[in-house]
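Colleague: following is a predicted model, sequence given first.
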Amino acid sequence: MKLSVCYIVKNEEKNLPMSLETVKDFADELIVVDTGSADATKRIALDAGATVLDFVWRDDFAAARNFALDHATGDWIVFPDADEGFLTPEKVRDKISEIDAMQPPIDAIMVTLVETDLQKGMETGKLHAVRFFRHTPEILYRGRIHENIVHNFGKLRLYHDNGALSLYHTGYAKDVLAQKSERNLRLLLNDIEKNGEQPGQYLYLADCYLNLRDYPNAMKYAILALNSPAQPVASRVGLFHVAIESMRQLDWSLNEQLALADTALQEYPKQPEFYGERGMILCALGRLDEARASLCRALEIYEKKETPATAETYFNDETAEIVRKRIQKIDALS
């Protein structure tokens, strides 16, 4: 079985070396598509043994990724971003071999992205995305921005990995988040101008607007996404987070915020962040006994790791410490 590791990059000299280090032991083929780097990115890729291909950028992420696929020769494609790297690279080949033998055949693999703040040296959350898929002409990328893997003749048969194929991801660090959101929003709005607004864009619009602190639009598109039949493959945890945070920033009533937190908990009863959100809102309402119980439940779920391994989360050690301090304040008032 041959594994082709592919990247699309531009000015990634800071991130690419770390990522390449995590794929070197299982990559049978390394393809790096460069979309216009002005730094040492291409040299770094060449030194790592990659085939480096130039692609003229045309505001279309799917086109750039599919260009890489056209030049890959492996049985499976591994397509990380430059700011991602495998946490247990020694397990990758055996795990892919195991999945490759499954019946009916698996088309693509959903993996965990562990959001990592390198400056603080801590995990800040977890997301899920497809980073492995079978190399066939029927499977390709679609979407100018936030591109997704699709099967041209049917629904993808997805496998949800439970940890062996997990990657770190550093791209949501605050120093780059606003810049990425501005770029992504520009591409989304250009696409909407040409083709009209589509339900599948709501999630990404909500995320961009939240990162740019445009809370009215973040709220608008988060609610549209939550109510849309066009649901993302991953969970809706992030959408509830966008909506609740936007409500808070826009000074919506505490009862409205509480109602949304309760709705989130009905859908995701093992997510510590929603118990935390609920507890903070109850504190503001003066319902301290209920608040304490909810905050304690958030810590219990987090510390006992009750949240499913395949679930997204934005609750982390830093959040847990905030919750503990709030519980201490409530106890001091008792």
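Modeller: That came through fine. All values reported here derive from a predicted model rather than from experimental measurement.
Colleague: just the helices from the stretch 51-200 of the chain, written as ranges.
Modeller: Secondary structure of the stretch 51-200 of the chain (DSSP state H, counting those that start in this stretch): helices located at 61-71, 92-100, 174-195.
Colleague: so which of these gets nearest A108?
Modeller: helix 92-100 (9.9 Å; CB to CB). From N, CA and C alone the C-beta is placed, and that goes for glycine too.
Colleague: which residues are contacting the lowest-mean-pLDDT helix or strand in the chain?
Modeller: When each helix and strand of the chain is scored by mean pLDDT, DSSP states H and E, helix 174-195 comes last, with a mean of 86. When contacts are defined by CB atoms under 8 Å, 6 or more residues apart in numbering, helix 174-195 is touched by residues 59, 144-146, 171, 198, 201, 204-205, 207-209, 211-212.
Colleague: again, only using 10 Å
Modeller: For helix 174-195, the surrounding residues in contact (CB atoms under 10 Å, 6 or more residues apart in numbering) are 15, 59-61, 83, 117, 119, 143-146, 170-173, 197-198, 201, 204-205, 207-214, 217.
Colleague: just want the most central residue of this structure.
Modeller: The chain has L127 as the residue nearest its centroid, 4.0 Å off, counting by CA atoms, centre = their mean.
Colleague: could you point out the longest strand in this structure?
Modeller: The strand that spans the most residues within the chain, counting by DSSP state E, is strand 122-134.
Colleague: in it, what counts as buried?
Modeller: Within strand 122-134, the residues that count as buried by 16 or more other CB atoms under 10 Å are T124, G125, K126, L127, H128, A129, V130, R131, F132, F133, R134.
Colleague: what mean pLDDT does it have?
Modeller: For strand 122-134, the mean pLDDT works out to 91.
Colleague: show me how far that strand is from its chain's centre.
Modeller: Chain-centre distance of strand 122-134: 6 Å, with CA atoms, centre = their mean, to the nearest Å.
Colleague: which residues of the stretch 151-300 of the chain fall in strands?
Modeller: Along the stretch 151-300 of the chain, counting by DSSP state E, counting those that start in this stretch, strands occupy 158-160, 167-169.
Colleague: give me the contacts around the last one.
Modeller: Contact with strand 167-169 is made by 18-19, 22, 80-81, 83-89, 111-116, 118, 123-127, 129, 131, as judged by CB under 10 Å, 6+ apart.
Colleague: go again with 7 Å.
Modeller: P80, D83, E84, G85, F86, L87, V111, L113, V114, E115, T116, R131 (CB atoms under 7 Å, 6 or more residues apart in numbering).
Colleague: out of everything not next to it in sequence, what's closest to the residue nearest to the centre of the chain?
Modeller: Excluding its sequence neighbours, the residue lying closest to L127 (CB to CB, 6 or more residues apart in numbering) is L113, at 4.5 Å.
Colleague: re earlier: how about the helices of the stretch 51-200 of the chain in JSON lines, adding distance to L3 and mean neighbour count?
Modeller: Formatted as JSON lines, the helices of the stretch 51-200 of the chain follow (distance: least, CB to CB, whole Å; neighbours: other CB atoms under 10 Å):
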{"stretch": "helix 61-71", "distance to L3": "14", "mean neighbour count": "18"}
{"stretch": "helix 92-100", "distance to L3": "7", "mean neighbour count": "16"}
{"stretch": "helix 174-195", "distance to L3": "28", "mean neighbour count": "14"}
